[in-house]
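[1] need a structure here:
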Amino acid sequence: MPTAAVLCDPPREGVVLADLAATTPLSTADVADLYAAMCADVLRAVEASASDLLVNYRPDEALPDEADERDKPDEPTDGDGRNEQDAESAVRALADAALDDPGAARYEVQVGSTFAARMGNTVTHLLDTEDETSVAVVEPTAPFLARGDLDGMAMKLRRSDVVLGPTSGGRVHYAGFASSVDFEEADAPPAIGTLTDRAHDAGHDVDFGPMHPIVETREDLIGALSLIRARRRAGREVPTRTAACLDDLGVELIKSRDGLNLTLG
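    Modelled structure (predicted):
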C-alpha cells in the first residue's frame, strides 16, 4: 500500500485559507480553526486506512509573510492564552490530537517554492530514494475522504501508474503515483488535466478515484456545508471534526436572489 503524504501548513491565522477569509464572514482565526479541523479529519482517515501516514509540513521560513508576525512560542497570542508555535510543533500538535496512535505518523519538511515543486519533491524522494512502491499526495482540505476511498485508490495504484481523485473546478484531492512524472507546474489549472497529460507523456496509465469536495473557497464551503447538512438529515456519516467546527462557528446557509450565501449565527 502507498505512503500517503498529507501536505500540511500550521493552522495559523493569515497562513491558511486566505481566500476563504476574504470572501466569507469567517475571520482569519475562524478559517484557521476550520483548516485544523479538516486536516485532523484527513489525518484520521489516512491513519484508519491501509496507507502509511507521512505528514509533510512547510517550515516557518517557507510560509507566507504573515507568519513572520507570530509571537514567540512562550508568549500568549490571544485571550485564551494560547501560544503561537513554530511550524513543526504546530503541525505535530494538530496530528497528535487527531490520531489514535500519534507514533504511527512520520514527519518530513516540504521542499520547494511552489505546491507543484513540493509535491514533486515528496513523490520523487520517496519513490527513488526510499524505494517506496507508490506515493499519494493528499490535500488536507478534503475532509470527506474516508478510509474506504483511500484504500480503493491505493488498490488502483497496483494496476495504474497514476491515480487521481477529482474535485470541483478541475482540482484534485488525491494524486497517487507508482511512477514519477514531470512535476514542473503540474498543478496548473485544470490540475486533473495537467496531471493526466504529464502521466500520458511519461507513458503511464491513469485511473481515477471518487469525486470529493475540498474546501478552499466560498463556493467550496457552501457546497461542503450543504453536504454535511444533507448527510446528517439522511443519517449518514459526516467528517466529525469539520462538522463540529462549523457548528461551533455558527456557519449557516441563507437563500438570496443571488443563490446561497453564508452567515454566522
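[2] my guess is Phe144 is in a strand, correct?
    No: under DSSP: H, G, I helix; E, B strand; the rest coil, Phe144 falls outside any strand and is assigned coil.
[3] give the contact list for it.
    Each residue near Phe144 by Cβ atoms under 8 Å, 6 or more residues apart in numbering is listed here: 212-213, 224, 227, 239. For the C-beta atoms, the positions are set from N, CA and C on the backbone; glycine is no exception.
[4] can you give me the strands in the stretch 151-265 of the chain?
    Counting by DSSP state E, counting those that start in this stretch, the segments of the stretch 151-265 of the chain that form strands are 162-166, 172-177, 206-208, 251-256, 259-264.
[5] mind saving the C-alpha coords of the second one as PDB?
    Written as PDB, here are the backbone C-alpha positions of strand 172-177 (Å, rounded to 0.1, in the frame of the first residue of the first chain):
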ATOM      1  CA  VAL A 172      -7.600  17.100  -7.300                       C
ATOM      2  CA  HIS A 173      -7.900  16.000  -3.700                       C
ATOM      3  CA  TYR A 174      -5.600  12.900  -4.200                       C
ATOM      4  CA  ALA A 175      -2.700  12.300  -6.600                       C
ATOM      5  CA  GLY A 176      -1.100   8.900  -6.400                       C
ATOM      6  CA  PHE A 177       2.000   7.800  -8.200                       C
END
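[6] that one pairs with which strands, and in what direction?
    Partners of strand 172-177 in the sheet, by DSSP bridges, are strand 135-138 (antiparallel), strand 162-166 (antiparallel).
[7] name the residues that touch it?
    2, 119, 123, 127, 134-139, 142, 145, 150, 153-154, 156-157, 161-167, 191-192, 195, 209, 212-214.
[8] go on, the fourth one?
    Among residues not part of strand 251-256, those counted as contacts by Cβ under 8 Å, 6+ apart are 25-26, 221-222, 225-226, 229, 260-265.
[9] closest to Val181 among the contacts of Phe144?
    Val181 has its nearest neighbour among the contacts of Phe144 in His212, at 22.2 Å by Cβ to Cβ.
[10] from Val42, how far off is the closest one?
    Applying Cβ to Cβ, to the nearest Å, the value for His212 to Val42 is 10 Å.
[11] overlap in contacts, the two.
    Taking Cβ under 8 Å, 6+ apart as the criterion, His212 and Val42 both touch 142, 145.
[12] settle it for me: which of those two has more neighbours?
    Val42 (29 against 21; other Cβ atoms under 10 Å).
[13] right, and the more buried one touches Asp149 too?
    No: assessed by Cβ atoms under 8 Å, Val42 is found out of contact with Asp149, at 11.0 Å.
[14] hang on, the earlier thing: winner for burial among the strands paired with strand 172-177?
    Of all the strands paired with strand 172-177, strand 135-138 carries the top mean neighbour count, a mean of 27, counting by mean count of other Cβ atoms under 10 Å.
[15] so for stretch 20-29, mean pLDDT?
    What stretch 20-29 shows for mean pLDDT is 96.
[16] correction: the previous question concerned stretch 59-67.
    The model assigns stretch 59-67 a mean pLDDT of 79.
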